[in-house]
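Asker: From the sequence below, what's the structure:
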Amino acid sequence: MPIRILVADDHLIIRQGLRLILETQEGFELVGEAADGAEAIKLCAEFKPDVVLMDLRMPGMDGLSAIQRLRSEQPGIAVVILTTFNEDNLMMRGLRLGAKGYLLKDTDRETLFNTIRAASRGETLLRPEIMARVLAQGKTAGVTAATSLDLTERELEVLRGVAQGERSKEIAFRLGITERTVKAHLASIYNRLGVDSRAAAIAVAAQKGIL
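Answerer: The predicted structure is shown next:
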């Protein structure tokens, strides 16, 4: 089955460009377009997409508010932030609210496809340059000293793997443990950081100086 996608962006040219890209690539289906957050929530309830590409700056209800509503009302829908280069603070807030990934509007096709696929699997895929900006944003937030928050060394190893974009089975193989154990460690990490997704864990860990 193709991955069902909804695009939320107030710029028509962005929506049209993404439609053209997605319609010419096998495995994806664009099911709707929204010009603001409120319309995105309405269309998500109607079409039940797998992934929403969400702009953060939109008139009316912005992307952050829409992400928060979707996480509360339709948590099964994965959200990928779609934004411009100079919005690091908004990006961090979006990731903490539960967005699965972050895409720049000038990203290449392969990165777009890979990020959507990862989000549809419930995973987080942050490119190295984006991860660097997440970590830099954590430093500019005034974090200078790392704190473990009582995370075990193995949990820290799992968290670092998540930050590097590794899937659970890749982390398991590298550490010589089972995938079920990795998921148990992730559950513990989420509980200690007060989050419920990989992206949020990365954002919070970066802000607290853990990564």
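
Asker: okay, now the domains of this protein?
Answerer: Domain assignment for the chain by automatic domain parsing gives 3-125, 138-207.

Asker: pull the longest helix from the protein.
Answerer: helix 179-193 (DSSP state H).

Asker: name the helices or strands packed onto that one?
Answerer: Secondary-structure packing of helix 179-193 (3 or more Cβ pairs under 8 Å, 6 or more residues apart in numbering; DSSP states H and E): helix 153-163, helix 168-175, helix 198-207. In short, each C-beta sits where N, CA and C put it, glycine included.

Asker: out of those helices, nearest to residue 118?
Answerer: Within the helices and strands packed on helix 179-193, the stretch nearest residue 118 is helix 198-207; the backing value is 9.6 Å (Cβ to Cβ).

Asker: helices or strands up against that closest one?
Answerer: On a contact count with 3+ Cβ pairs under 8 Å, 6+ apart, helix 198-207 meets helix 88-96, helix 128-140, helix 153-163, helix 179-193.

Asker: any chance of these in CSV, plus mean pLDDT, distance to residue 30 and mean neighbour count?
Answerer: Compiled in CSV, the helices and strands packed on helix 198-207 are given as follows (pLDDT from 0 to 100; distance: least, Cβ to Cβ, whole Å; neighbours: other Cβ atoms under 10 Å):
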stretch, mean pLDDT, distance to residue 30, mean neighbour count
helix 88-96, 78, 21, 21
helix 128-140, 59, 24, 15
helix 153-163, 89, 29, 19
helix 179-193, 90, 31, 17
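
Asker: closest to residue 203 out of these?
Answerer: Using Cβ to Cβ, the nearest of the helices and strands packed on helix 198-207 to residue 203 is helix 88-96, at 3.8 Å.

Asker: if we can go back for a sec, ok, and what's touching the longest helix of the chain?
Answerer: Residues outside helix 179-193 that contact it (Cβ atoms under 8 Å, 6 or more residues apart in numbering): 149-151, 154-155, 158-159, 162, 168-169, 171-172, 175, 196-198, 200-201, 204-205, 208.

Asker: quick check: mean pLDDT across the host helix or strand of residue 54?
Answerer: Counting by DSSP states H and E, the element that carries residue 54 is strand 51-55. Per-residue pLDDT over strand 51-55 has a mean of 96.

Asker: buried residues in the next helix or strand after it?
Answerer: Per DSSP H and E, strand 51-55 leads on to helix 63-73 as the next helix or strand towards the C-terminus. Along helix 63-73, these residues count as buried under the neighbour rule (16 or more other Cβ atoms under 10 Å): 63, 64, 65, 66, 67, 68, 69, 70, 71.

Asker: Then stretch 13-28?
Answerer: Those would be 14, 15, 18, 22, 28, for stretch 13-28 by 16+ other Cβ under 10 Å.

Asker: mind listing which of the residues you listed are in helices?
Answerer: 14, 15, 18, 22.

Asker: can I assume the second one is in contact with residue 9?
Answerer: Yes - contact criterion Cβ atoms under 8 Å: residue 15 and residue 9 qualify, at 5.4 Å.

Asker: Give the other helices and strands that the helix or strand where residue 46 lies contacts.
Answerer: Element membership of residue 46, judged by DSSP H and E, is helix 37-47. When contacts are defined as 3+ Cβ pairs under 8 Å, 6+ apart, helix 37-47 sits against strand 3-8, strand 28-34, strand 51-55, helix 63-73.
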